[in-house]
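# structure for this input, please:
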Amino acid sequence: MALNKITPKELYEKMKQENVTLLDVRAEEKYKAYHLDGSNIES
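Purely as a prediction, here's the structure:
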C-alpha cells in the first residue's frame, strides 16, 4: 500500500465523499504535547 501526501483541503474534500482513516505518525513527544482524545473521531 502506497502512502501519499495530501493538502488539508484535499483531505477535507475526500472526507466529504468517503470514510477516511488517518494515521498519526508524529514523534511521541509531539503526540503528548497535543492530541485529540479518543481513538475514533467522526466528521
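# residue contacts, Y12?
By C-beta atoms under 8 Å, 6 or more residues apart in numbering, Y12 lies in contact with nothing. To be clear about C-beta, it is placed using only N, CA and C from the backbone, and glycine gets the same treatment.
# any idea how far it is from I6?
Distance of Y12 to I6, given as C-beta to C-beta, to the nearest Å: 10 Å.
# now swap in D37 and tell me
In terms of C-beta to C-beta, D37 sits 25 Å off from I6.
# look at these two and report which has more neighbours.
A count of neighbours by other C-beta atoms under 10 Å puts I6 above the other of D37 and I6, at 11 against 5.
# leaving aside the residues next to it on the chain, what's closest to the more buried one?
Nearest residue to I6 in three dimensions, chain neighbours excluded: K14, at 7.3 Å (C-beta to C-beta, 6 or more residues apart in numbering).
# just the C-alphas of the helix or strand containing the one you found, formatted as PDB.
When elements are assigned from DSSP states H and E, K14 belongs to helix 8-17. Output of helix 8-17 as PDB, limited to C-alpha atoms (Å, rounded to 0.1, in the frame of the first residue of the first chain):
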ATOM      1  CA  PRO A   8      -5.700  19.800   4.200                       C
ATOM      2  CA  LYS A   9      -8.100  21.000   1.500                       C
ATOM      3  CA  GLU A  10      -7.700  17.700  -0.400                       C
ATOM      4  CA  LEU A  11      -8.300  15.800   2.900                       C
ATOM      5  CA  TYR A  12     -11.500  17.800   3.600                       C
ATOM      6  CA  GLU A  13     -12.900  17.100   0.100                       C
ATOM      7  CA  LYS A  14     -12.100  13.400   0.400                       C
ATOM      8  CA  MET A  15     -13.700  13.200   3.800                       C
ATOM      9  CA  LYS A  16     -16.900  14.600   2.400                       C
ATOM     10  CA  GLN A  17     -17.100  11.800  -0.200                       C
END
